[in-house]
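>>> Okay, sequence plus prediction incoming.
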Amino acid sequence: MTLSNESCRRDPATVPSSVKRVLLVRPRSPNERFGLGPFFRVEPLGLEYLAASLERRGHKVRIVDERFSPALEGVVRSFAPDVVGVSCMHTVDIPTTLAAAATAKKSAPAATLVLGGHIVALFPDPFFEPDVDALCVSDGEAIFPDFVESDRHGDAPRGFWLRRRSGSGRACFEIGSTPSEMTDLDEVAHPSRHLVRQFQKQYLCVHKNPVWAVETARGCPYRCSFCSTALLHDRRHGLRNVDSVCADFETVGQNVFVVDDLFFAPSARSRDLATALRARHVHKDWVLVQTRLDTVARNPSLLEHWRPIARQFDLFFGFEAPTDVGLGELSKDTTLAATEEGVRVARRLGFGVTGNFVIDPDWTEANFVELWNLVDRLKLSRLGYTVLTPLPGTPLFDSLKPRIVEHDWSKWDMHHVLYEPRLGRHRFFELFVECWRRNVLGAGHAPHWGRWLVGLRPSQMWTLARVLLQTQRMLRVDAYLDETFPLQVPARFGGE
């Protein structure tokens, strides 16, 4: 990476603004063999918000979801964009983001190519490529329209890295000032969902489809060491206006995933939102939200206000660790007692309980036993398990970086190991697979799968069958070992 210097600068020039054609791209997923990929696909809500801010200015916008759309090359040539924006939301998507960027630039060399999204903002290092014209490292709704309309010949715009020169595989970028304030969500237009209408039936959660995504808040005030969400907004928590959220809820379908990283918070505002939705007679068939167990444990009366909003109301929790010591090591700022109380409150009020545990490659066999004991004690079955992964931009990444030997970004999906586990890879994955066998998707729960079929349309039954078939791969030790980095053999055993 080559950063800015005085030789990178060009004299300012003025170009009149005009209506621009802007293509926004959600890259395909590079690795859906493990994890949530087969049964949890969400619409590109961030691009829809970005599109809305551009359409408000009169620009012509198209969204391409590469997971389901025709070949990107043909779309670019037929649409002939002035600007192409490619979003990278997850570390695992870095390779396909760069591939989409290369395809777009090859198909429309004169178009301005901009990369943005969560990972670009937190960890821009992989994206300083000669074909890339700019990197957006802040909330795009607030700054991208101005960038599209600017001449880009003066100083780097606020919230952007701007390429000044490239050649021989090297690029020179200059960064503008970084916005210190959080985007006022009340200034952000409702998402342009009409631009993904052709893909809507592809968005699902297991057998729930189509699923719509809704955002009521952004950011998180907590400090979990493995999570990059709070870092992007300096642990600030921005809230949308209650009336605006209600209007958005009214426009979407019956299956809703609320993408907020911390739902039910703050409690007073959450109560106001639930009250307003009920006053408008908003009722959905299914709602899924993400929240904390200690938040639920502290606010049973708040959850009573929310329960009538949906026929089925599922809560996704970050269980993370089965002991107080483990929770402390992850800076989770909660306790096992809060975990148990949160589960009790949710079940008593009729909410579905699902969630995820983080499996540390440094665990011993005793740690796995502690996990299984908790799962059995709380009668948890709808669970996911991920490998503790030092995502770029987090404190965990900084502390574990010297140990990392897997540098293929497509394997940073939280189901591959990036360094050798304490128990060795084979034993680690034997125990990891045993965790998944205790999950509702494991073959041992097959007698209960039939209950999911009740009331499903034939297409939904096919979706469920496909999901169950694909997830069986996660129950095979050899499937993980086949994709693990080569064993690191000490030099003294290498024949030298």
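Thanks, I have the structure now. Numbering: from 1, shown residues only.

>>> Helix, strand or coil: sort out Asn356 for me.
Following DSSP: H, G, I helix; E, B strand; the rest coil, we place Asn356 in the strand state.

>>> For it, which non-adjacent residue is closest in space?
Gly384 (4.3 Å; C-beta to C-beta, 6 or more residues apart in numbering). Just so you know, the C-beta spots here come from the backbone N, C-alpha and C atoms, and that holds for glycine as well.

>>> mind saving the C-alpha coords of the one helix or strand that neighbour maps to as PDB?
If you go by DSSP states H and E, Gly384 is part of strand 383-387. What follows is strand 383-387, C-alpha atoms only, in PDB (Å, rounded to 0.1, in the frame of the first residue of the first chain):
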ATOM      1  CA  LEU A 383     -27.800 -23.000  18.300                       C
ATOM      2  CA  GLY A 384     -25.000 -22.100  16.000                       C
ATOM      3  CA  TYR A 385     -21.300 -22.500  16.800                       C
ATOM      4  CA  THR A 386     -18.500 -20.500  15.300                       C
ATOM      5  CA  VAL A 387     -14.700 -20.600  15.700                       C
END
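
>>> what sits up against it?
Applying C-beta atoms under 8 Å, 6 or more residues apart in numbering, the contact partners of strand 383-387 are 35-36, 319, 354-359, 361, 375, 414-417, 432, 435-436, 438-440.

>>> can you rerun that using 6 Å?
For strand 383-387, contacts defined as C-beta atoms under 6 Å, 6 or more residues apart in numbering pick out 356-359, 414-415, 417, 435-436, 439.

>>> now stretch 425-445
359, 368, 381-383, 385, 421, 471, 474-475, 477, 480, 484.

>>> Tell me the buried residues in that stretch?
Buried residues in stretch 425-445, counting neighbours by 16 or more other C-beta atoms under 10 Å, are found at 425, 428-436, 438-439, 441-442.

>>> Would you point out the most distant pair within those residues?
Farthest pair in the buried residues of stretch 425-445 (C-beta to C-beta) is Arg425 and Leu441. Separation: 23.0 Å.

>>> sorry, back to before: helices - which of the buried residues of stretch 425-445 land there?
Judged by DSSP state H, the subset of the buried residues of stretch 425-445 located in helices is 425, 428-436.

>>> Of the contacts of strand 383-387, which pair is most distant in space?
Spatially, the most separated pair among those is Val417 and Asn439, at 19.4 Å (C-beta to C-beta).

>>> Run a quick neighbour tally on the closest residue to Lys284 other than its chain neighbours.
The shortest distance from Lys284 to any non-neighbouring residue, by C-beta to C-beta, 6+ apart, is to Ala310 (4.4 Å). Number of residues near Ala310 (other C-beta atoms under 10 Å) recorded here: 20.

>>> Over to the one 4 residues further on?
For Asp314, the tally of surrounding residues (other C-beta under 10 Å) stands at 19.

>>> cool, Trp306 as well?
Look at Trp306: counted by other C-beta under 10 Å, it has 24 neighbours.

>>> try Met474
Count around Met474 with other C-beta under 10 Å applied: 23.

>>> next one: Ser78
As a measure of burial, Ser78 has 10 neighbours, counting by other C-beta under 10 Å.

>>> Poorly predicted segments of this structure, please.
Scanning the chain for pLDDT under 70 picks out 1-17, 35-38, 166-170, 440-457, 459-469, 488-496.

>>> After the longest strand along it, heading C-terminal, what element do we hit next?
Ranked by residue count under DSSP state E, the longest strand found in the chain is strand 310-320. Of the helices and strands lying after strand 310-320 in sequence (DSSP H and E), the nearest is helix 324-329.

>>> Report the buried residues of that following helix.
Neighbour-count burial for helix 324-329 flags 326-327, 329 (criterion: 16+ other C-beta under 10 Å).

>>> Equivalent analysis for stretch 361-376, please.
For stretch 361-376, the neighbour count (16+ other C-beta under 10 Å) marks 361, 363, 367-368, 370-371, 374-375 as buried.

>>> Sort out for me which of the residues you listed are in strands.
Using DSSP E, no member of the buried residues of stretch 361-376 falls within strands.

>>> mind listing which of those are in helices?
Using DSSP H, these in helices are 367-368, 370-371, 374-375.

>>> can I get the buried residues of stretch 425-445 in JSON lines with distance to Glu406?
Listed next are the buried residues of stretch 425-445 as JSON lines, based on distance: C-beta to C-beta, whole Å:
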{"residue": "Arg425", "distance to Glu406": "11"}
{"residue": "Phe428", "distance to Glu406": "14"}
{"residue": "Phe429", "distance to Glu406": "14"}
{"residue": "Glu430", "distance to Glu406": "20"}
{"residue": "Leu431", "distance to Glu406": "20"}
{"residue": "Phe432", "distance to Glu406": "16"}
{"residue": "Val433", "distance to Glu406": "19"}
{"residue": "Glu434", "distance to Glu406": "23"}
{"residue": "Cys435", "distance to Glu406": "21"}
{"residue": "Trp436", "distance to Glu406": "21"}
{"residue": "Arg438", "distance to Glu406": "27"}
{"residue": "Asn439", "distance to Glu406": "25"}
{"residue": "Leu441", "distance to Glu406": "26"}
{"residue": "Gly442", "distance to Glu406": "27"}
